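[1] Coordinates for the following, if possible.
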Amino acid sequence: MKLQFIDAGEIVTTHGVRGEMKLLPWTDGPDFLLDFKRVRIDGRDYAIQDCKIQKTCNLIKLQGIDTMEAAQAMKGKTVQIYRDEAPEGLIFADELKKMEVYCEDKMIGLITDVLDYPGNSVYVVKGEREYMIPAVKAFILNTDMEANRMDVKLLEGMATDEG
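    Numbers count the residues shown, from 1 in each chain. Next comes the predicted model:
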């Protein structure tokens, strides 16, 4: 199901004395966050005044956070992005959790977790059995966010209880 807000990272420290903060992104990389105009922290909206990349993090300046002390109060907080500002067609791991998974029109379970590995992600699907399904086109036949449904192709060995 599409979410209104997506957890995108954590404020890890301050940067300078004018309210700039270092954000550790939980997205594919720090460049992803450069195109967003606003974020949400603790249920409050903030306009992004500036966002740039520093190594594997973002340096972010939010409207209304103008001192080192105000930035320090944000340390450890989760930053959320607005789903409607994300590129069309992009699906986030959090949106897949609790999605119904079907194989040949039979529901085999719900996605309970998305595991990230260097080659690709793996969907953990639990029903009568538990499956580990690689998130690649060969096995993911269709993903319908509106219907909360994913159609997959299973191969022998994908069920974790197969012996």
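[2] which residues does E95 contact?
    Taking C-beta atoms under 8 Å, 6 or more residues apart in numbering as the contact definition, E95 lies against 1-3, 6, 145. Glycine gets a C-beta too; all of them are placed from N, C-alpha and C.
[3] give me the element it is part of.
    With the criterion set as DSSP states H and E, the secondary-structure element containing E95 is helix 93-96.
[4] Next SSE downstream of that helix?
    Once the chain leaves helix 93-96, the next helix or strand it forms, by DSSP H and E, is strand 100-103.
[5] mean confidence for that next one?
    Confidence for strand 100-103, expressed as mean pLDDT, is 97.
[6] need the next SSE after that strand, C-terminal direction.
    The first helix or strand that comes after strand 100-103 along the chain, using DSSP H and E, is strand 106-116.
[7] At which residues are the helices of this structure located?
    Taking DSSP state H to define them, one finds helices in the chain at 68-72, 93-96.
[8] coming back round to it: check the contacts of E95 for burial and list the buried ones.
    Buried subset of the contacts of E95 (neighbour count, 16 or more other C-beta atoms under 10 Å): I6.
[9] Find the pair from the contacts of E95 with maximum spatial separation.
    The largest distance within the contacts of E95, taken as C-beta to C-beta, falls between I6 and M145 and amounts to 13.1 Å.
[10] count of neighbours near F5?
    Under the neighbour criterion other C-beta atoms under 10 Å, F5 is assigned a count of 16.
[11] What pLDDT does the model give it?
    pLDDT, the model's per-residue confidence, is 95 for F5.
[12] likewise I11?
    Confidence score, pLDDT, at I11: 98.
[13] what's the answer for E162, then?
    64.
[14] Same check on L154?
    At L154, the predicted lDDT confidence score is 95.
[15] where does this structure dip in pLDDT?
    Counting by pLDDT under 70, the chain shows low-confidence ranges at 162-163.
[16] What ranges does it have for its strands?
    5-15, 20-25, 38-41, 44-54, 57-62, 78-82, 100-103, 106-116, 121-126, 130-134, 140-144, 149-152 (DSSP state E).
[17] Can you name every helix or strand that the last one contacts?
    It refers to strand 149-152. Secondary structure elements in contact with strand 149-152, counted by 3 or more C-beta pairs under 8 Å, 6 or more residues apart in numbering; DSSP states H and E, are strand 100-103, strand 140-144.
[18] I'm done for today, thanks for sticking with me.
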